[in-house]
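Colleague: starting from these lines, generate the structure:
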Amino acid sequence: MSSQGDHKPGSVGKGAAVGEHEKPEPVMADGLLVMPGTLRQWEEIKSFQARPDDTFIATYPKSAVEKINNLPSPRVIYIHAPISHIPKSILENKCKVICVLRNPKDVAVSYYHFHTFSNMLPNPGTWSEFLQNFMIGKVTYGSWFDHVKGWWSLRKQPNIFFLFYEAMKKDLGYEAGRLASFLGRDLSPEAMKNLVEQLSFNSMKTNMDGKFPNIGSVTGFTFKQFIRKGQVGDWKNHFTVAQNEVMDQLIPDQLKGTSLDFCYEL
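Modeller: Reported below is the predicted structural model:
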């Protein structure tokens, strides 16, 4: 297992260097760490009215509520909050929710890098500092463990669907087929083939900047930075032996009784 030690933010990607721009600090909203922009719309977010034909994609770590309200149905909306902080109307209306889960080691690494190049997120400090905060849930949108346990508790509800990132990396076609069935879409073999090609990591990394050419002026990063590696097991390039041992003790303790089991390498 290799280790990169305590690399500082700014070592990855354009716009990451400390001091290039002022990074915001998270604030507390109903016990959840959020960014200032989210706090300004917090009451609107809590009272957001979901429509029965809405589909939500729930991932661990942002919405402009007014723009979403004005979208025509059916809407597809991303949410990052734990179930304790989502608008009540989502569950009351039994909206379809697609929950995407990924192993916590790779999540920690990906989230750290996201902090280094995004001007919307706070300075993460060193990798060791960020990992410590991640493990105790002292990061934006709170504990990863609380997030996955909350959504997993709803797994028997027919309107909740789970996708595991590692399973998609193993067999994207099969997982895309499962998702299509959940959404009530009967796709032809040719349509499914085209969908899988468009959903591949390399295709998204290549094409997303062209579809959203001005994203960098707002966020401070390009999609090529956001869609960084997409590898299962990249955590090995960041975790020290000691850090990995701590996580290996923490994960089963935190997920005890959930039946959740994650893949950490392919």
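
Colleague: distance-wise, check Thr108 relative to Lys193.
Modeller: Let me fix one detail, which is that residue 108 is Ala and not Thr. 34 Å (Cβ to Cβ, to the nearest Å). (Each C-beta comes from the backbone N, C-alpha and C, glycine too.)

Colleague: more neighbours, these two?
Modeller: More neighbours surround Ala108 than the other of Ala108 and Lys193, with 23 against 13 (other Cβ atoms under 10 Å).

Colleague: for the more buried one, which non-adjacent residue is spatially closest?
Modeller: Sequence neighbours aside, Phe134 is the residue nearest to Ala108 in space, at 4.7 Å (criterion: Cβ to Cβ, 6 or more residues apart in numbering).

Colleague: go on, Arg51?
Modeller: According to Cβ to Cβ, 6+ apart, the nearest residue to Arg51 is Ser73 (5.7 Å).

Colleague: tell me the secondary structure at the one you found.
Modeller: When classified by DSSP: H, G, I helix; E, B strand; the rest coil, Ser73 comes out as coil.

Colleague: buried sites along the strand or helix carrying Phe130?
Modeller: Using DSSP states H and E, Phe130 maps to helix 127-135. By neighbour count with 16 or more other Cβ atoms under 10 Å, helix 127-135 contains the buried residues 127, 130-131, 133-135.

Colleague: can you classify Phe161 as helix, strand or coil?
Modeller: From three-state DSSP, the assignment for Phe161 is strand.

Colleague: if I look at the residue nearest to Ala108, how far off is His238?
Modeller: Phe134 is 12 Å from His238, by Cβ to Cβ.

Colleague: common neighbours of those two, please.
Modeller: Tyr112 (Cβ atoms under 8 Å, 6 or more residues apart in numbering).

Colleague: which stretches in the stretch 51-200 of the chain count as helices?
Modeller: Taking DSSP state H, counting those that start in this stretch to define them, one finds helices in the stretch 51-200 of the chain at 65-69, 88-92, 104-117, 127-135, 144-152, 165-170, 172-182, 189-199.

Colleague: ranking those by burial, who's on top?
Modeller: Comparing the helices of the stretch 51-200 of the chain by mean neighbour count (mean count of other Cβ atoms under 10 Å), helix 104-117 comes out on top with a mean of 23.

Colleague: chain center to that one, what's the gap?
Modeller: Distance, stretch centre to chain centre, for helix 104-117: 10 Å (Cα atoms, centre = their mean, to the nearest Å).

Colleague: packing partners for it?
Modeller: Where contact means 3 or more Cβ pairs under 8 Å, 6 or more residues apart in numbering; DSSP states H and E, helix 104-117 is packed against helix 127-135, helix 144-152, helix 241-254.

Colleague: can you list those helices in a markdown table and add distance to Ala64 and mean pLDDT?
Modeller: What follows is the helices and strands packed on helix 104-117, written out as a markdown table (distance: least, Cβ to Cβ, whole Å; pLDDT from 0 to 100):
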| stretch | distance to Ala64 | mean pLDDT |
| --- | --- | --- |
| helix 127-135 | 27 | 97 |
| helix 144-152 | 22 | 96 |
| helix 241-254 | 33 | 98 |
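
Colleague: okay if I get the ones you listed as JSON lines plus distance to Lys96?
Modeller: JSON lines is the format used below for the helices and strands packed on helix 104-117 (distance: least, Cβ to Cβ, whole Å):
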{"stretch": "helix 127-135", "distance to Lys96": "29"}
{"stretch": "helix 144-152", "distance to Lys96": "13"}
{"stretch": "helix 241-254", "distance to Lys96": "28"}
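
Colleague: quick one: closest of these to Leu121.
Modeller: If you check each of those against Leu121 by Cβ to Cβ, helix 127-135 wins as the nearest, at 10.9 Å.

Colleague: elements contacting that closest one?
Modeller: Going by 3+ Cβ pairs under 8 Å, 6+ apart, helix 127-135 lies up against helix 104-117, helix 241-254.

Colleague: and the angle from it to helix 241-254?
Modeller: 0 degrees (axes from the mean of the first three to the mean of the last three Cα atoms, to 10 degrees).

Colleague: number of residues surrounding Arg155?
Modeller: Close neighbours of Arg155, defined as other Cβ under 10 Å, add up to 13.

Colleague: give the contact list for Pro61.
Modeller: Contacts of Pro61 (Cβ under 8 Å, 6+ apart): 80, 111, 114, 139-141.

Colleague: before I go, just wanted to say thanks for your time.
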